[in-house]
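Participant: for reference, the sequence and a predicted model appear below.
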Amino acid sequence: MKYQILILSVALVLRGPLPLWSQTTLTGAEVMSRVDQVMNAPLSQESETTLLLIDKKGKEKERVIHLLQKGAEYRLVRFLSPPDQRGIGVLTLPDDVIYLYLPAYKKVRRIAGHIKHSKFAGTDFSYEDMQAKIYSEHFSATLLEDEAAHYLVSLTPLNPKESEYSKLHVRVLKSNFFPETIEYYDKKGKLYKRMTSSRIEKIQGYLTAGEREMIDLKSEHRTRMILNKVRFDIDLAENTFTRRYLEQ
């Protein structure tokens, strides 16, 4: 017995101390704090993305959008095609502020609370989903499972009146703290939508999903977002995230 204890002690010394993540289990809040660091790491970004809207029969409609983002809470999304939607834009700002520009009416209007829960331009993303958010500032987090390759975290809105969801379940990759799957539950607690990220890779040193898919489980409609190109840490004009710029 003494010999076995001696061998074990020597093995532990040779291996060295265990890394911190193997000694303790992260809390849900700690996991989401690291997710925020990963998702909001770029100072700014510009991207072009193709949206494929697919109904339950497999019929597809295509959209192309252009995105500008600064930090975690300033985002401008504008449609490039099809022609009948070209120029439609959405500007999201801190404090839950969203503006919509419709070129046909040449007017900018602020999205009211009840409207932001509706679908954005026929996609399976609501106006709320289009907002850039810091999860740890808008949700309370509870760790549900500590799996071999993932953390499963439940998020509850800190202000339930501002969200169409009762909770989110986020499956986070342990290897890089990227949220691989997000499940959205309606106000009755039923699973409503699911978003899955794939082709996750580093571009200019930042983790990026080459494709995302949002599925509306009730209507069996889904929207695929395919990243065409992206640039990070670009210079943006001071007036980029303004109502005036949205109208241009």
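Facilitator: Looks like it arrived, so ask away.

Participant: in which helix or strand would I find residue 37?
Facilitator: Using DSSP states H and E, the element containing residue 37 is helix 28-39.

Participant: so which bits of the next helix or strand after that helix are buried?
Facilitator: Scanning forward in sequence from helix 28-39 by DSSP H and E, the next helix or strand is strand 44-54. For strand 44-54, the neighbour count (16 or more other CB atoms under 10 Å) marks 44, 45, 47, 49, 50, 51, 52, 53, 54 as buried. (C-beta placed from N, C-alpha, C; glycine too.)

Participant: and what of stretch 128-142?
Facilitator: Residues 128, 129, 130, 131, 132, 133, 134, 135, 136, 139, 141 are the ones in stretch 128-142 that count as buried (16+ other CB under 10 Å).

Participant: again with stretch 161-181
Facilitator: So for stretch 161-181, counting by 16+ other CB under 10 Å, buried means 163-173, 177-181.

Participant: try stretch 240-248
Facilitator: In terms of neighbour count (16+ other CB under 10 Å), stretch 240-248 has its buried residues at 240, 241, 242, 245, 246.

Participant: just stretch 139-157 next, same as before
Facilitator: Of the residues in stretch 139-157, 139, 141, 143, 150, 151, 152, 153, 154, 155, 157 count as buried by neighbour count, 16+ other CB under 10 Å.

Participant: do stretch 223-240 as well
Facilitator: Buried residues in stretch 223-240, defined by neighbour count with 16+ other CB under 10 Å: 223, 224, 225, 226, 227, 230, 232, 236, 240.

Participant: and stretch 117-131, C-alpha only, in PDB?
Facilitator: Provided in PDB are the C-alpha atoms of stretch 117-131 (Å, rounded to 0.1, in the frame of the first residue of the first chain):
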ATOM      1  CA  HIS A 117     -41.100  40.400 -31.400                       C
ATOM      2  CA  SER A 118     -42.400  40.000 -35.000                       C
ATOM      3  CA  LYS A 119     -40.400  38.400 -37.800                       C
ATOM      4  CA  PHE A 120     -37.800  40.500 -39.500                       C
ATOM      5  CA  ALA A 121     -38.500  40.800 -43.300                       C
ATOM      6  CA  GLY A 122     -40.000  37.300 -43.600                       C
ATOM      7  CA  THR A 123     -37.100  35.500 -41.900                       C
ATOM      8  CA  ASP A 124     -37.200  33.400 -38.800                       C
ATOM      9  CA  PHE A 125     -35.300  36.000 -36.900                       C
ATOM     10  CA  SER A 126     -37.300  38.600 -34.900                       C
ATOM     11  CA  TYR A 127     -36.200  42.200 -34.500                       C
ATOM     12  CA  GLU A 128     -35.100  41.200 -31.000                       C
ATOM     13  CA  ASP A 129     -32.900  38.400 -32.500                       C
ATOM     14  CA  MET A 130     -31.300  41.000 -34.800                       C
ATOM     15  CA  GLN A 131     -30.000  43.000 -31.800                       C
END
